[in-house]
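**Student:** how would this look folded up:
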Amino acid sequence: METTPQFFRHGPGPLARLMFFALLSCLLMAEDLRFKYVPELRPAIAVVIHPLQQLAHFPAQMYDRVEAFFASFHLLQENNFLRQRYLSDREQLLRLLALETENRQLRKLLGAVKQIETKTAAKAVMAEILYTPRDPFSHKTTLNKGHQHNIQAGQIVVDDKGIIGQITRVSLWASEVTLITDKDHSVPIQVVRNSLRSVISGAGKNNELELRYLSVNTDIRENDLLVTSGIGGVYPPGIPVAKVSKIDRNPADTFAHIIGTPIAGVDRNQQVLILSLVPPVPNNPAETSDIESKNN
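**Tutor:** Purely as a prediction, here's the structure:
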């Protein structure tokens, strides 16, 4: 008996297969609508085919993980670059802000120079603060101008707001300034409101001055502006020194306890002005003798 070889055997045709699966689909849909048996089989079928689903999704998951890894690596590099750029820009911004602050201060000092030279016979030299001692009991500071810049002991130091102190020691390239808050420093002052003259002295504390030896009935009030009186010829007249911040009048005491707050201060500036009074130009001796001879 002859049999057809396995190689030449053919199954149902494509049309027959299509009809079979279409009929099977219709039967399953009808069963699902009528008898509701298929939903009970779905969990079991899902459990059976879950490994196959995971295996089918594995290539896509691996691709997503590899893509996420390279994306995170790229984001890390970009984050490091942006962080470095931020730090660099931040440093430049801080420098720019410092330069703007210094520029504003220099403009104020320039205006103060013009006012001082207009109102008084003083010449101003700009100087920079080198350092200030950390000792809270030392009220001195050091400037970058000295004998080489024609600076002498006794000259006055101001900023754009008022008196800072007086030069007490000079070297070749630097000079030491004793601040007006030093307990051994005094400034002749005048009250702007009523022209009352007195002397204000340092209290040995930051931002504190004392008006001593004024009676309890002295006409002085809080917030009175105190300026240099010009007496003694050391300080040019009319430069702000302090404002009266506290007055304690005790009838049992002979003198009132008056505290003033300096208007200027080295803790707020980097550049200051050194003032020098310009001595009056002496008359020519020949012209003086001619005038005297004419008078005689």
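**Student:** Arg221: what secondary structure?
**Tutor:** Here Arg221 is recorded as coil under DSSP: H, G, I helix; E, B strand; the rest coil.
**Student:** Identify the residues contacting it.
**Tutor:** 193, 244, 247 (Cβ atoms under 8 Å, 6 or more residues apart in numbering). Quick note: C-beta positions are derived from backbone N, CA and C, even for glycine.
**Student:** can you pick the most crowded of those?
**Tutor:** Val244 (21 neighbours; other Cβ atoms under 10 Å).
**Student:** Can you name every helix or strand that the helix or strand harbouring that residue contacts?
**Tutor:** Element membership for Val244, per DSSP states H and E: strand 240-248. Packing partners of strand 240-248 (3 or more Cβ pairs under 8 Å, 6 or more residues apart in numbering; DSSP states H and E): strand 186-191, strand 209-211, strand 225-228, strand 257-262.
**Student:** Dump the third one to CSV, keeping only the CA atoms.
**Tutor:** Output of strand 225-228 as CSV, limited to C-alpha atoms (Å, rounded to 0.1, in the frame of the first residue of the first chain):
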residue,chain,number,x,y,z
LEU,A,225,23.1,117.2,64.1
LEU,A,226,26.7,117.8,65.3
VAL,A,227,29.3,119.3,62.9
THR,A,228,32.8,120.4,63.3
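**Student:** low-confidence ranges in the stretch 151-296 of the chain?
**Tutor:** Within the stretch 151-296 of the chain, the segments meeting pLDDT under 70 span 266, 277-296.
**Student:** again, 80 this time
**Tutor:** 206, 265-269, 276-296 (pLDDT under 80).
**Student:** Would you state the strands of it in chain order?
**Tutor:** Applying DSSP state E, counting those that start in this stretch to the stretch 151-296 of the chain gives strands spanning 156-158, 163-170, 175-179, 186-191, 197-202, 209-211, 225-228, 240-248, 257-262, 271-277.
**Student:** Quick check: which of those is nearest to Pro136?
**Tutor:** strand 175-179 (12.3 Å; Cβ to Cβ).
**Student:** sorry, back to before: output the helices and strands packed on strand 240-248 as TSV; include the columns distance to Thr168 and mean neighbour count.
**Tutor:** Formatted as TSV, those follow (distance: least, Cβ to Cβ, whole Å; neighbours: other Cβ atoms under 10 Å):
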stretch	distance to Thr168	mean neighbour count
strand 186-191	13	21
strand 209-211	18	24
strand 225-228	18	22
strand 257-262	18	20
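**Student:** Please name whichever of the ones you listed is nearest to Pro237.
**Tutor:** strand 225-228 (5.6 Å).
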